[in-house]
Structure formats: C-alpha cells, structure tokens
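In: show me how the following folds:
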Amino acid sequence: STNAARAFCTGTKMDVVKELELYLSKNALETLLETMMTECLRHKPEEPSHYLLKWLIDQNASKGSEEVAVASTTDKLHVAMTHPDQATQQYLKDKKLHIIFLELMKLVVKEKPDNVLSFLALEAHQMHKAPPPSLQSS
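Out: Okay, the predicted model is just below:
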C-alpha cells in the first residue's frame with residue numbers, strides 16, 4: 001500500500017538499511033534463501049517453483065503445524081500438503097488428498113458458487129461416484 005511505502009521511506013537511508021539488515025538477520029532469510037537455492041541446484045527438479053514450494057512447506061512441518069498451501073499462477077492452481085507426522089504424511093500422499101483438494105479448488109474457482117460448503121459436498125459426492133482421471137488407480 002502507498003501508506004506503508006511512505007512509512008517505510010520516512011527514515012534516513014541508513015535507518016532503512018539497518019532496519020532491513022535487522023529483519024534479514026532476525027528471520028535468517030539469507031540462510032534460508034541460500035539453502036533453498038542449494039537444494040534446488042542439487043536436485044535440479046523439472047519444475048523448480050513446485051519443488052521450492054514443497055521444500056518450504058516440508059521445512060515448516062518440523063514446527064509442529066499442519067500445513068496446506070495453495071498457490072496459483074495465471075493459468076494453474078497448485079496444492080501442497082505436509083504433516084509433521086511421517087505416517088500421517090504418507091497417508092495423505094497415498095490417499096492423494098492434495099489432488100482431491102486441487103480438483104475441488106479448480107471447481108470452486110471455475111463455478112464461484114454462493115454456498116461453497118454445499119457446492120463442495122455435492123462435488124465431493126460426484127467425485128466419489130465418478131473419480132476424475134487424476135484420482136483413478138493406475
């Protein structure tokens with residue numbers, strides 16, 4: 001916002017630099033970004049942005065919170081899920097819960113229903129009766 005930008009720029013340049021350095025240090029951002037880049041270069045994934053999104057979620061799983069991340073680009077939605085308990089994480093993966101969420105999110109974005117919960121209940125029921133290809137067993 002413009003007010004935030006003005007407030008940020010009201011101090012002297014030295015104050016701003018010190019404030020940014022303090023923020024970087026306090027949040028260990030340089031270390032985080034360096035580690036992210038190193039991991040990405042080490043694994044050389046086909047989709048670096050997807051890899052990095054999952055990597056960030058996985059890193060935060062150790063903090064004991066359950067996470068679901070939904071990200072979107074101009075033409076796609078992406079869902080990543082992680083859980084601190086490995087058995088639960090494996091269960092979520094095996095049951096393709098991230099794909100279920102993704103399919104339901106796509107429908108919500110496309111249809112923009114007024115009553116989202118009713119819409120989701122109906123669509124989940126339809127999905128159960130006739131799973132999309134992404135959920136069919138291979």
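
In: show me where this protein dips below the pLDDT cut-off.
Out: 1-11, 57-58, 60-80, 137-138 (pLDDT under 70).

In: that one: helices as residue ranges?
Out: With DSSP state H applied, the chain shows helices at 2-9, 13-27, 29-43, 48-61, 86-94, 97-111, 116-129, listed in chain order.

In: tell me the angle the third one makes with helix 13-27.
Out: Per axes from the mean of the first three to the mean of the last three C-alpha atoms, to 10 degrees, the angle that helix 29-43 makes with helix 13-27 is 60 degrees.

In: which residues are contacting helix 29-43?
Out: Defining contact as C-beta atoms under 8 Å, 6 or more residues apart in numbering, one finds that helix 29-43 is touched by Tyr23, Leu24, Pro48, Tyr51, Leu52, Trp55, Leu56. C-betas here are computed from N, CA, C, even on glycine.

In: go again with 6 Å.
Out: Counting by C-beta atoms under 6 Å, 6 or more residues apart in numbering, helix 29-43 makes contact with Leu24, Pro48, Leu52, Trp55, all of which sit outside it.

In: just give me the neighbour total for Glu103.
Out: Applying other C-beta atoms under 10 Å, we find 19 residues neighbouring Glu103.

In: Met81 and Lys110, how far apart?
Out: Distance from Met81 to Lys110, counting by C-beta to C-beta, to the nearest Å: 21 Å.

In: try Trp55
Out: If you measure Trp55 against Lys110 using C-beta to C-beta, the figure is 29 Å.
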